[in-house]
Every structure is written in C-alpha cells, then in structure tokens.
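A.B. asks: I'll drop the sequence and a predicted model, then ask my questions.
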Amino acid sequence: MGKDYYAILGVSRDADDDTIKKAYRKLALKWHPDRNKDKPDVAHAKFQEIGEAYEVLSDKNKRAVFDQYGEEGLKGGAPPPGAEGFSGATGGFPGGGTFRFSTSGPGGAGGFHPSDADDIFKHFFESFGGMGGMGGMGGMGGMGGMDSGSMPGGFSFSTGGPSSGRRGFGRQQQSAFDGVQKPPAIKRPLPVSLEDLFKGAVKRLKVTRKLRDGATGRSVPTDKILTINIKPGWKAGTKVRFPGEGDELDNGQTQDIEFIIEEKPHPIYKREGDNLRMVIELSLLEALTGFQKTIKTLDGRTLSVNNTKTVVHSGQESRVPNEGMPNSKTGKKGDLLITYEVKFPTSLTDAQKEGLKKILT
C-alpha cells in the first residue's frame, strides 16, 4: 500500500492550500535535520517524507493524480484526470521551479520523482519573501526581519547530488535555528540520595508531555520513560537535559526537559565538595579514657574509629583519607572529616565531685 500524503501532513483530504502550507511549515520545522542532530537518520527520513507530501498536495495536478491513482499511480506515470497521452509535461515546483512528470509504458522513464527536501524547504520560505511575508498565515509570526534570500534562522541545505556536499542558500551557511529563539526548557528538580551520588545509579522517570495531534491540532498527553545515568560524584546543581522531549508548542517547536540534581539530606553525612563530614558523640568518660566506634559508609562498608591514647576535646577533628565522595571527573575520592562532640553530664553527686577532684588534682 502506498503512502498517504494527507496522513503524513496530518490534514484531511479536502484540506485547502492554506491548511496544507501550515501543516508543512510546522512539521518541516519540527523534523529539520539541523534541529534533530541526536537522531539524524530518523529526522532525514521524516523530513524527506514531509517534503514529498507537500510537493504533491500543493500542486493541483499531482494532487489530482494522487487522489485518483494513489502514490503508485503518481510515481508510475498515470496521467492527470482529463488528460490523454500526457507526456513530458511539467508542473509547478512549490515556490517556483519545475519538476518533470511523464507517462510511461513498460520500460519507460517513470512518473513523478520527489524533489530534494532541502530544496522544497528553501523554495517554500523564499516564495513568501522569507518568514516576513507569511504574516497572513495564522501562527506564523515572530520570525520576520529577513529578506527574500533568507531562511528562518539561516537554515542550511544540501543538494541532491552524491558529491555536492552541503551548500548554504542565502548570504551564508549556518546551522538551522541559529537565529530562532529556542523555547525555554521545562525544568524539574531531581532529588537524589547521597548513597546514589556516591555509588552512581540509574533513574527511570516517567514524564507526561503534550504533543499536538496533526489532524486536530489539539494537545494530546503522551507518556514517555526517560533514563538518567547518575555518575558517581555528581553534585547538587548538575543539569541533565533531554533535547526535544518536552511539550510541543503551537509553532512546531518542542521544548527540552532539564532535570536539576538535588541532594537529599542524609542523617549521618554532610557533603563538603569532595569531602564528607560527620559528627561522633562521645561521653565525657570516652573523651577522657578512650573509645572505639564503628561507622557504616555510604557503600555499605564498616569503618572502625578508635582512640585510646589521647584525650579528645569537643570540636576536635580527625581525617580519614580517601573515604569521601568520588570526583565525577577524576574518580579520586576526597576525605572523611570527623568532628567529635563531647557530652557533659547534666549533674554530679557530691561523691562524684569529690572523686573527680582527687583524680584531676
């Protein structure tokens, strides 16, 4: 079964020229390869398909043949309705230019051959004097200020020949959307435990985005799972961006989604750069006579901390090398900083006081 050009553009079979132009503009801007560099193969195929659909439906002769014979008849050389022995005729290329369309018998030259999608895109906007001449088409403002030789945002285009490479139309070649204001990203906090920031983790997040239905133009909620690979050592404020995974706007642009890492409070550890800090409480007896404590690390190991030789003062610190947070760039770990807090008794008996006086004097 051949392609349905109406379905590709998301328009009804009785759509008028204005509706077809609006649908093409929206989809062409959305799927232009310069704007989908993360999925070039998919974007190129979609962009070419959208251009082919517009090239057919925007030309009354090609559209009439397609309506009667479908894609196979159009590309196989079926004559337009009412024509006999149609051969070697030409039809208007969208925005200027011609294409060749001829009937053929067995072994003939074939029928309609789609033009290069970049050329269709270029001619489409040039035919309106750049974006500035499209003010009469609803939802197409905001991109004026260009002369007739300019594309929106300085799109770059490629010729269809195998060795032609890229060539820029207009005054200079640029990447697409360089001059188009990108919509603001949707920003969401992502709370992450200190354990996950220490060891690394994989987070799978279900997001609901609004995509526009090509047929109705309405926003349709769509769920998608996004995967975030949290690297060991990431810090609060680290941003993870998913280009084009946000809501689709009326002008065909799609917002990015940006997650901002937030560090969840930990009951024991506090992060200070690449170091970790914790507090160990000691009784007065432990501070004076010695102690032994065990610490559970963020990755589940057990560390032993002890002191039997010196008196520990409240506020005193000790350092355990390489037991801090890993650095996300170097992998090197910081240190664990331990602060000792000595708890004094709230009261003493007379006998205890006398005993301390004898010991400490």
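C.D. replies: Perfect, thanks for sending it. Numbers count the residues shown, from 1 in each chain.

A.B. asks: Okay, strands next: where are they in the stretch 1-150 of the chain?
C.D. replies: For the stretch 1-150 of the chain, applying DSSP state E, counting those that start in this stretch gives strands covering 89-92, 98-101.

A.B. asks: So for stretch 239-256, what gets flagged as buried?
C.D. replies: 240, 242-249, 251-256 (16 or more other Cβ atoms under 10 Å). All C-beta atoms are positioned from the backbone trio N, CA, C, and that covers glycine.

A.B. asks: who's in contact with that stretch?
C.D. replies: Contact with stretch 239-256 is made by 25-27, 29-30, 35-36, 38, 139-140, 142, 180, 182-186, 190, 207, 209-212, 219, 224, 226, 228, 257-261, as judged by Cβ atoms under 8 Å, 6 or more residues apart in numbering.

A.B. asks: hang on, the earlier thing: go through the buried residues of stretch 239-256 and name the one nearest residue 340.
C.D. replies: residue 240 (38.3 Å; Cβ to Cβ).

A.B. asks: Can you check the pLDDT for residue 3?
C.D. replies: Model confidence at residue 3, expressed as pLDDT, equals 88.

A.B. asks: Test my guess that it contacts residue 50.
C.D. replies: No: contact criterion Cβ atoms under 8 Å: residue 3 and residue 50 do not qualify, at 11.1 Å.

A.B. asks: Settle it for me: which of those two has more neighbours?
C.D. replies: residue 50 (25 against 17; other Cβ atoms under 10 Å).

A.B. asks: hang on, isn't that one packed against residue 10?
C.D. replies: No: between residue 50 and residue 10 there is no contact under Cβ under 8 Å: 10.0 Å.

A.B. asks: Now for those two: what residues contact both?
C.D. replies: residue 27.

A.B. asks: re earlier: which member of the buried residues of stretch 239-256 is positioned nearest residue 323?
C.D. replies: Out of these, the member with the shortest distance to residue 323 (by Cβ to Cβ) is residue 240, at 27.4 Å.

A.B. asks: So the closest one: helix, strand or coil?
C.D. replies: Three-state call for residue 240 (DSSP: H, G, I helix; E, B strand; the rest coil): strand.

A.B. asks: How about it: which residues does it bridge to?
C.D. replies: Here residue 240 sits in beta bridges with residue 259, going by DSSP bridges.

A.B. asks: Next one, pLDDT for the most centrally placed residue in the chain please.
C.D. replies: Centroid-nearest residue in the chain: residue 243, 1.6 Å away (criterion: Cα atoms, centre = their mean). For residue 243, the pLDDT comes out at 91.

A.B. asks: Residue 123 too?
C.D. replies: 80.

A.B. asks: how close does it sit to residue 116?
C.D. replies: 10 Å (Cβ to Cβ, to the nearest Å).

A.B. asks: how about the residue nearest to residue 229 when sequence neighbours are not counted, phi and psi?
C.D. replies: Residue nearest to residue 229 in three dimensions, not counting chain neighbours: residue 202, with 5.6 Å by Cβ to Cβ, 6 or more residues apart in numbering. Per-residue torsions, residue 202: phi -120, psi 120 (degrees, to the nearest 10).

A.B. asks: doesn't residue 225 make contact with residue 202?
C.D. replies: No: applying Cβ under 8 Å, one finds residue 202 not in contact with residue 225, separated by 11.7 Å.

A.B. asks: List the buried residues in stretch 316-329.
C.D. replies: Buried residues in stretch 316-329 (16+ other Cβ under 10 Å): 316, 320, 323, 324, 325, 326, 328.

A.B. asks: circling back to that earlier point, among the contacts of stretch 239-256, which are in helices?
C.D. replies: 25, 26, 27, 29, 30 (DSSP state H).

A.B. asks: which one of these is nearest residue 198?
C.D. replies: residue 30 (40.5 Å).

A.B. asks: Could you list which residues are in contact with the closest one?
C.D. replies: Contacts of residue 30 by Cβ under 8 Å, 6+ apart are 248, 252, 253, 254.

A.B. asks: Show me which of these has the smallest pLDDT value.
C.D. replies: residue 252 (77).

A.B. asks: do you know how far that one is from residue 9?
C.D. replies: Residue 252 is 12 Å from residue 9, by Cβ to Cβ.

A.B. asks: Common neighbours of those two, please.
C.D. replies: Contacts common to residue 252 and residue 9, judged by Cβ under 8 Å, 6+ apart, are residue 27.

A.B. asks: still on that earlier bit, just checking, which of the buried residues of stretch 239-256 belong to strands?
C.D. replies: Under the assignment DSSP state E, these contribute 240, 242 to strands.

A.B. asks: and which of the buried residues of stretch 239-256 is nearest to residue 57?
C.D. replies: Among these, and counting by Cβ to Cβ, the member closest to residue 57 is residue 252, at 17.8 Å.

A.B. asks: Now that closest one. Nearest residue, chain neighbours left out?
C.D. replies: residue 26 (3.8 Å).

A.B. asks: roughly how far apart are the one you found and residue 324?
C.D. replies: Residue 26 is 51 Å from residue 324, by Cβ to Cβ.

A.B. asks: ok, now residue 29?
C.D. replies: Residue 29 is 48 Å from residue 324, by Cβ to Cβ.

A.B. asks: Next: residue 44.
C.D. replies: Applying Cβ to Cβ to residue 44 and residue 324 gives a distance of 47 Å.

A.B. asks: And residue 236, how far from residue 269?
C.D. replies: 14 Å.
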